[in-house]
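> Based on what follows, work out the 3D shape:
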Amino acid sequence: MKRLIVAILLSTVAFTGFISTNTAKQNEGTGTKFRYRALAGNNPVKISWETLRDVTFKKKWYPEESVYMLYPTFGPNINKLNGKEILLTGYVLPIDAESNLYALSAFPFSACFFCGGAGPESVVGLKFKKNGRKFKTDERHTMRGILKLNADNIYELNYNIDGAEIADE
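Residues are numbered from 1 along each chain as shown. Coordinates of the predicted model:
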């Protein structure tokens with residue numbers, strides 16, 4: 001199972017670039033400053049983990065791995081966010097820190113999807129724009145990047161943030 005998890009996330013380290021301009025926004029009422037890049041004048045959408053629950057799963061046989069896995073059907077609200085720049089806050093989980101493989105989870109490690117404590121909609125693959133930053137387990141951060149939905153590639157998570165960057169530092 002551990003090998004499958006690493007294989008699933010192995011391909012999540014891909015460089016995704018986009019043309020952008022630097023801007024900054026004050027998060028109302030918190031004093032937290034978010035830096036983000038606006039795509040074509042659009043601001044990123046701050047989403048919650050509840051937003052990512054707009055998905056249903058059914059078991060599907062995958063002959064290449066000889067296993068049943070959960071196949072997602074994304075709902076209309078999450079489909080609208082596919083390819084959009086988002087902000088999402090969660091716990092960073094190192095999958096393979098040496099290879100810069102990380103996931104963002106709605107829950108800390110002790111209750112995360114990989115430990116059987118939550119569903120697959122509670123974890124997002126992080127495809128960082130720049131490699132190098134090392135994270136500790138359960139560091140809580142807001143990440144910025146392009147949300148990509150994945151129903152067909154069994155070696156990646158159902159949700160991924162392409163061009164991921166830390167938005168709260």
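
> and the residue nearest in space to the middle of the chain, what are its bridge partners?
Taking Cα atoms, centre = their mean, the centroid of the chain lies closest to Val124, which sits 2.8 Å from it. Beta bridges link Val124 to Leu104 when assigned by DSSP bridges.

> which residues of this structure score low on pLDDT?
Segments of the chain classed as low confidence (criterion: pLDDT under 70) are 1-42, 112-117.

> those helices in it, which residues are they?
2-10, 76-79 (DSSP state H).

> contact partners of the last one?
By that I understand helix 76-79. Outside helix 76-79, the residues that touch it by Cβ atoms under 8 Å, 6 or more residues apart in numbering are Thr51, Leu52, Asp54, Val55, Leu149. Backbone N, C-alpha and C define where each C-beta goes, glycine included.

> What residues are bridge-paired with Ile161?
Leu126, Leu147.

> In contact with Leu126, which residues are there?
Counting by Cβ under 8 Å, 6+ apart, Leu126 touches Thr12, Val92, Tyr102, Ala103, Leu104, Met143, Gly145, Asn160, Ile161, Ala164.

> Next one: the residue nearest to the third one when sequence neighbours are not counted from Tyr62, what distance?
So the one you mean is Tyr102. Counting by Cβ to Cβ, 6 or more residues apart in numbering, Tyr102 lies nearest to Leu126, which is 4.7 Å off, once chain neighbours are set aside. Separation of Leu126 from Tyr62 (Cβ to Cβ, to the nearest Å): 24 Å.

> can you count the residues close to the residue nearest to Arg144 when sequence neighbours are not counted?
Residue nearest to Arg144 in three dimensions, not counting chain neighbours: Ala167, with 4.0 Å by Cβ to Cβ, 6+ apart. A count of nearby residues for Ala167, using other Cβ atoms under 10 Å, gives 24.
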